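*Asks:* sequence plus predicted model, see below.
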Number of protein chains: 2
Amino acid sequence: MQKRLGRQSILFQLPPVITTAATIVGPKEGEGQLGSYYDRVMPDDMNNQDSWEKCESSMINWTVRAALQKRGLSPEQLDVVLGGDLLNQLIASHFGVRDVSVPFLGLYGACSTMAEGILLAATLVDGGYAANAVVVVSSHHEASERQYRFPNELGVQRPPTASWTVTGAGAVLLETSGSGLRITSATIGKIVDMGIKDPNNMGAAMAPAAADTLWAHMQDTGRMPADYDMIYTGDLGQIGKALLIQLMTQKGLDISGNYEDCGLLIYRPEQDVHAGASGCASSAVVLCGYLFRQMQAKKLRRILLIGTGSLHSPISYWQKESIPCIAHAVSLEI
Amino acid sequence: MQKRLGRQSILFQLPPVITTAATIVGPKEGEGQLGSYYDRVMPDDMNNQDSWEKCESSMINWTVRAALQKRGLSPEQLDVVLGGDLLNQLIASHFGVRDVSVPFLGLYGACSTMAEGILLAATLVDGGYAANAVVVVSSHHEASERQYRFPNELGVQRPPTASWTVTGAGAVLLETSGSGLRITSATIGKIVDMGIKDPNNMGAAMAPAAADTLWAHMQDTGRMPADYDMIYTGDLGQIGKALLIQLMTQKGLDISGNYEDCGLLIYRPEQDVHAGASGCASSAVVLCGYLFRQMQAKKLRRILLIGTGSLHSPISYWQKESIPCIAHAVSLEI
């Protein structure tokens, strides 16, 4: 039984199934293009908490519980939660699941964490190490801005290449079988660093990592871009999307007809977020809100989700380092 | 084939094997009780780098390459690296493996990351998703102090309950078979928070999480403490160790005769590190240096390693939150 394919990929013989998904977003995301697809839109960015960080934890908690409720499961019936976020030491996830009392594994793949989590959770479920698993990730615009760049109150002007961190959380529930999105294969990313040093241009930094993983996925699985109804990256934005199309063209593959970036789906053009949306929640709320429903309605039957992550920190930036990036891919079918 | 045991544990039917391990430490650790067990002792805390953070990355890089070299493997022959550290956004790991070109999965379990990584890597190898895997973690005293507490240059007095973050890195190589330490079972921890708020007393905060996981391990596997030659926790220190013994006594289990904390093995008493050693590297350098060799020499035949992690951040502390903790356990046999 061949489970490992090529250098980086995994084939699931008995594909684990994403049987349900839950999402919560902030008001700006609720006013966006996909506003009607989210389970809950918060009226403000605080969610009755007294800090942005605690608001982010409350979103993690809400989505985990909502995902379980949709399937009528109690936390005691859940085998494991895999979670992560952008806050230092993953405090959104850790405080978010603190009262849930479920075995927990913390992950950090920056904005690729949802894909990394689905990939690992699928191996745990497919391998028989867990009967079910929740993967949950989050990001919060204000909490993220003050940690990575500047406090919003400073009013620092953002360059046109900058992206807008999504306030939101998404959770998926994986089970061994059932109705839902089957996880048929996955590709583990390598770290790729092409020397980009501008944390306000993460799309350009991440595009080569996305290209590397997409290429590896094609090589390992023998699939071509046309085998997918759609290919989605997590948060490359306008600049990264154009670069990825260009990089794949250089390899002789045209993805322009069936490729979109989650970061370009969330906000309306008049919301003026510059290059697009970013953050762990970018791919997560699009997957758990929009894509899950589109696939359930069979408007999409086979997609490749490529989570993309910038692995820098403010410290590495201040020390004049470039931005290492990673991308993990999971193929979802119905 | 029963792979899941009880609420939190995993049984490996074909136990993956830790075939080799590599360690590097700083000069203070080299002068400690286990000085002769490490592969390399750096002459200073910089390792020819221009920052502590870059030194930590260089340690990650060195141990991954050293572990591969010991088995005569090239990076191209390695299926996956799982890594993590204490620095924000895991920059030690990300920059450390950037030039290695291997599929990478980032983990964050604070000082429990080595146990979390072995647990997940073992499922990947046992499940057939990888033929081999490296787990690597690190911590660096100065880099950690200035991130979590105060820059060392400030000379802030440390209370007696404080622990000393280990400068070092450890890597283990897992393979499907071969000579070495067999990973026979694992227990995934739950987050436990008993309300301790003092980041200078992490031993007290983490002890209940260690007790919870040790108890779950016994319940799930049917093993008793006496079934192990030794039980090791990662970095509870003197206070946490005494508390864990007390908590287990309350459950009717006496572990005082075959239990030790890795954080109490690293430094000599006259090095005066107060409560003991801590950091991701605490359990990692003891496992990869001392325990690997002790087990190879069959002085220990069956141990339980319980990685312990404090999941707070400076932000959560400033926001007056308590410290959620976690502990993951892996049983190793020869």
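*Replies:* Arrived safely, thanks for sending.

*Asks:* nearest spatial neighbour of the residue in the stretch 151-300 of chain A that chain B sits nearest to, skipping sequence neighbours?
*Replies:* As assessed by Cβ to the nearest Cβ, chain B sits closest to A:Ile188 within the stretch 151-300 of chain A, at 3.7 Å. No exception for glycine: its C-beta is placed from N, CA and C like everyone else's. Take A:Ile188 and drop its neighbours on the chain: the residue closest to it by Cβ to Cβ, 6 or more residues apart in numbering or on different chains is B:Pro103, 3.7 Å away.

*Asks:* same deal with A:Leu105?
*Replies:* Using Cβ to Cβ, 6+ apart and skipping the chain neighbours, the partner closest in space to A:Leu105 is A:Leu82 (4.9 Å).

*Asks:* and what of A:Trp164?
*Replies:* A:Val273 (3.6 Å).

*Asks:* what's the answer for A:Ser93, then?
*Replies:* Counting by Cβ to Cβ, 6+ apart, A:Ser93 lies nearest to A:Gly83, which is 3.8 Å off, once chain neighbours are set aside.

*Asks:* isn't that neighbour up against A:Gly96?
*Replies:* Yes. Between A:Gly83 and A:Gly96 there is a contact at 7.3 Å, judged by Cβ atoms under 8 Å.

*Asks:* how long is stretch A:186-204 from one end to the other?
*Replies:* 24 Å (Cα to Cα, to the nearest Å).

*Asks:* wait, A:Glu142 touches A:Trp52, no?
*Replies:* Yes. Between A:Glu142 and A:Trp52 there is a contact under Cβ under 8 Å: 4.4 Å.

*Asks:* hmm, back to that, so what touches the one helix or strand the residue nearest to A:Ser93 maps to?
*Replies:* Element membership for A:Gly83 (DSSP states H and E) is strand A:81-85. With contacts defined as Cβ atoms under 8 Å, 6 or more residues apart in numbering or on different chains, strand A:81-85 is touched by A:56, A:60, A:64, A:90-93, A:96-97, A:100, A:102-109, A:113, A:116-117, A:120-121, A:133-139, A:280, B:108.

*Asks:* the residue lying closest to A:Met194 once chain neighbours are set aside: neighbouring residues, count only.
*Replies:* The shortest distance from A:Met194 to any non-neighbouring residue, by Cβ to Cβ, 6+ apart, is to A:Pro208 (4.8 Å). Applying other Cβ atoms under 10 Å in any protein chain shown, we find 20 residues neighbouring A:Pro208.

*Asks:* any idea how far the helix or strand hosting A:Pro208 is from the chain center?
*Replies:* Element membership of A:Pro208 [criterion: DSSP H and E] is helix A:202-221. Taking Cα atoms, centre = their mean, to the nearest Å, one finds helix A:202-221 lying 15 Å from the centre of the chain it belongs to.

*Asks:* what is the mean pLDDT for it?
*Replies:* Taken as a whole, helix A:202-221 has a mean pLDDT of 98.

*Asks:* any idea which helix or strand comes after that helix?
*Replies:* The first helix or strand that comes after helix A:202-221 along the chain, using DSSP H and E, is strand A:230-233.

*Asks:* just checking: what are the partner strands of that next one?
*Replies:* Strand pairing for strand A:230-233, using DSSP bridges, gives strand A:259-261 (parallel), strand A:302-310 (parallel).

*Asks:* with mean neighbour count added, can I get these in TSV?
*Replies:* Below are those laid out as TSV (neighbours: other Cβ atoms under 10 Å in any protein chain shown):
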stretch	mean neighbour count
strand A:259-261	23
strand A:302-310	28
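
*Asks:* mean pLDDT for these - can I get that in JSON lines?
*Replies:* Listed next are those as JSON lines, based on pLDDT from 0 to 100:
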{"stretch": "strand A:259-261", "mean pLDDT": "98"}
{"stretch": "strand A:302-310", "mean pLDDT": "98"}
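
*Asks:* tell me which of the ones you listed lies nearest to A:Asn152.
*Replies:* Of all these, strand A:302-310 sits nearest to A:Asn152, with 19.8 Å by Cβ to Cβ.

*Asks:* tell me how far the closest one lies from the chain's centre.
*Replies:* Counting by Cα atoms, centre = their mean, strand A:302-310 is centred 7 Å from the centre of its parent chain.

*Asks:* orientation of that strand relative to helix A:202-221 in degrees?
*Replies:* Per axes from the mean of the first three to the mean of the last three Cα atoms, to 10 degrees, the angle that strand A:302-310 makes with helix A:202-221 is 130 degrees.

*Asks:* I'd like the next helix or strand past strand A:302-310.
*Replies:* Of the helices and strands lying after strand A:302-310 in sequence (DSSP H and E), the nearest is helix A:314-318.

*Asks:* average pLDDT across that following helix?
*Replies:* Taken as a whole, helix A:314-318 has a mean pLDDT of 96.

*Asks:* likewise for stretch A:125-134?
*Replies:* 97.

*Asks:* how far does it stretch from start to finish?
*Replies:* Length of stretch A:125-134, first residue to last, Cα to Cα: 11 Å.

*Asks:* buried ones in that stretch?
*Replies:* Residues A:125-130, A:132-134 are the ones in stretch A:125-134 that count as buried (16 or more other Cβ atoms under 10 Å in any protein chain shown).

*Asks:* on that earlier part again, what degree of burial does the residue of the stretch 151-300 of chain A closest to chain B show, as a neighbour count?
*Replies:* The local packing of A:Ile188 (other Cβ under 10 Å) involves 28 other residues.

*Asks:* next up, the contacts around it.
*Replies:* A:Ile188 neighbours (Cβ under 8 Å, 6+ apart): A:8-10, A:119, A:328, B:80, B:103-105.

*Asks:* can I assume A:Thr184 sits in a strand?
*Replies:* Yes. A:Thr184: assigned to a strand according to DSSP: H, G, I helix; E, B strand; the rest coil.

*Asks:* next, count neighbours for it.
*Replies:* Around A:Thr184 there are 18 residues (other Cβ under 10 Å).

*Asks:* got a PyMOL select line for the buried ones in the contacts of A:Ile188?
*Replies:* Buried members of the contacts of A:Ile188 can be picked out in PyMOL with the line below, counting by 16+ other Cβ under 10 Å:
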select buried, (chain A and resi 8+9+10+119+328) or (chain B and resi 80+103+104+105)
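
*Asks:* show me the contacts of A:Ile188 that map onto helices.
*Replies:* Among the contacts of A:Ile188, DSSP state H puts A:Leu119 in helices.
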